[in-house]
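> Model the following, please.
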Amino acid sequence: MNDDNALLRRERRLLVLLGVICLALLAGALYFQYAEHQDPCPLCILGRYFLILIAVFAFLGARMTSWSGVRVLEALVALSALGGAIAAARLVWVQAFPSFSCGFDTLQPIIDGLPPAHWLPGVFKVQGLCETTYAPTLGLTIPMWSLLAFVIAFLAVIASLWRNRRRQVSWPGIRR
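Sure, this is the predicted structure:
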């Protein structure tokens, strides 16, 4: 049982690390917005929401003391990472084929209508177009880096869920 507790502690530390990385990525997005003057489009803002969801679920999972709680929150992290990957992939597609649109007319009022856009408009308010491309950073555009980050987060959490699928889950009243 002691080995199981050590593995659970390790898993919780990894979730904290994932949450911190997501917050650092969000800080990087804000750097590009304010220092490099790269205005966020609707899909960029969706990516920010997914980064926050991943961080929140990861930090909550790190607070869990049982494998079942960690698994549930890791599944929510995986779903959030998948959603972020889909948004980032769509943005990569739009920028690769500029004749397509991200749906600015449709997405912009929805994104700007969400409560965080009113609470923190400098972070969550749409200010740019998806078709606008900026100079690559280290050979990749920001949407490509975002897609890469979401895919890595998704695969890491799925691998963790797979690796720990046989861990004992203690449910009250059920003997194993």
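> tell me the mean pLDDT for the host helix or strand of R13?
For R13, the enclosing helix or strand under DSSP states H and E is helix 2-34. Helix 2-34 carries an average pLDDT of 90.
> Kindly spell out which helices and strands sit in contact with the helix or strand where V157 lies.
Following DSSP H and E, the helix or strand that holds V157 is helix 142-163. Applying 3 or more CB pairs under 8 Å, 6 or more residues apart in numbering; DSSP states H and E, one finds that helix 142-163 contacts helix 2-34, helix 42-63, helix 67-96. No exception for glycine: its C-beta is placed from N, CA and C like everyone else's.
> Residues touching it, excluding its own?
11, 14, 18, 21-22, 25, 29, 32, 38, 43-44, 47, 50, 54, 71, 74-75, 77-78, 81-82, 84-85, 88-89, 91-92, 95, 134, 136-137, 140 (CB atoms under 8 Å, 6 or more residues apart in numbering).
> Can you give me the buried ones in that helix?
142-147, 149-151, 153-154, 156-158, 160 (16 or more other CB atoms under 10 Å).
> so where's the protein shaky on pLDDT?
The chain contains residues with pLDDT under 70 at 1-2, 100-105, 167-176.
> contacting residues around the most centrally placed residue in the chain?
Residue closest to the mean C-alpha point of the chain, counted by CA atoms, centre = their mean, is L51 at 3.2 Å. The contact partners of L51, taken as CB under 8 Å, 6+ apart, are 22-23, 25-26, 29, 84.
> and with 6 Å instead?
22, 25-26 (CB atoms under 6 Å, 6 or more residues apart in numbering).
> what about it, distance to S99?
Remark: distance between L51 and S99 (CB to CB, to the nearest Å) = 29 Å.
> Repeat that for Y49.
Separation of Y49 from S99 (CB to CB) stands at 27 Å.
> quick one: which of the two has more around it?
More neighbours surround Y49 than the other of Y49 and S99, with 18 against 6 (other CB atoms under 10 Å).
> Now do the nearest residue to A87 once chain neighbours are set aside against R71, distance only.
Spatial nearest neighbour of A87, chain neighbours left out: L46 (4.3 Å); criterion: CB to CB, 6 or more residues apart in numbering. Distance, L46 to R71, using CB to CB: 26 Å.
> do R163 as well
R163 is 11 Å from R71, by CB to CB.
> likewise Q38?
Going from Q38 to R71 by CB to CB gives 37 Å.
> now swap in P115 and tell me
For P115, the distance to R71 - CB to CB - is 30 Å.
> Likewise for G83?
For G83, the distance to R71 - CB to CB - is 19 Å.
> Please determine how far L8 is located from G61.
For L8, the distance to G61 - CB to CB - is 11 Å.
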